[in-house]
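K.L.:
Provide a 3D model corresponding to the input given below.
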Amino acid sequence: MKRVIETNLIYRNGFHFLTIRVRGVLTGAVVGAGMEALDEYEEYAAGIPVLWDLQEADLSQYTTAEMEITNRFLQNHPGRRNAKSASLLPDRGAMLLARLWSVYGVDQVPLQREAFLKLEDALEWLAPDSCS
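P.N.:
Next up is the predicted model:
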């Protein structure tokens, strides 16, 4: 499967957020490349919420070692501390991985991370007036 990363700045439901869609194998390096793509938006460094659309990504190789790589990339983005990051996943099996990711290394990189199966639920959580 060809790896593709697409990013967009969206205004929807009364707020701005960034989206990143990943197709292909997800690794820490791919997440890092995604962050570099998001870095093109000045809002990213300021802590704008991000929706990671992983519905078409292959998560089979995203291990705790890959999470460590991801956390190293996150440490280079201090403006992202305590920012909201939602993952949109394809199925309940992927939710287990996302739950691990939501707490893995959170002491190193404090970030609000949640995973969802439905876009509407993710957008409701990302909205500024939602309770975390």
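
K.L.:
hey, where'd the helices end up in the chain?
P.N.:
Per DSSP state H, the chain carries helices over the ranges 28-38, 42-45, 64-75, 92-103, 119-126.

K.L.:
report the distance from the second one to the chain centre.
P.N.:
Right, the one you point to is helix 42-45. 14 Å (CA atoms, centre = their mean, to the nearest Å).

K.L.:
contact partners of that helix?
P.N.:
Here helix 42-45 makes contact (CB atoms under 8 Å, 6 or more residues apart in numbering) with 9, 16, 18, 35, 38, 39, 50, 77, 79, 80. From N, CA and C alone the C-beta is placed, and that goes for glycine too.

K.L.:
same thing with stretch 17-37?
P.N.:
Stretch 17-37 has contacts (CB under 8 Å, 6+ apart) with 1-10, 38, 41, 43-44, 48-54, 56-62, 65-70, 72-74, 77, 123, 126.

K.L.:
list the buried residues in that stretch.
P.N.:
In terms of neighbour count (16 or more other CB atoms under 10 Å), stretch 17-37 has its buried residues at 17-23, 26-28, 30-35.

K.L.:
okay, now the unreliable bits of the chain?
P.N.:
For the chain, residues meeting the criterion pLDDT under 70 lie at 1-3, 13, 78-79, 101-110, 130-132.

K.L.:
for the residue sitting nearest the centre point of the chain, give me its contacts.
P.N.:
For the chain, the residue sitting closest to the mean C-alpha position, by CA atoms, centre = their mean, is residue 52 at 4.0 Å. By CB under 8 Å, 6+ apart, residue 52 lies in contact with 19, 20, 22, 34, 85, 86, 87, 88.
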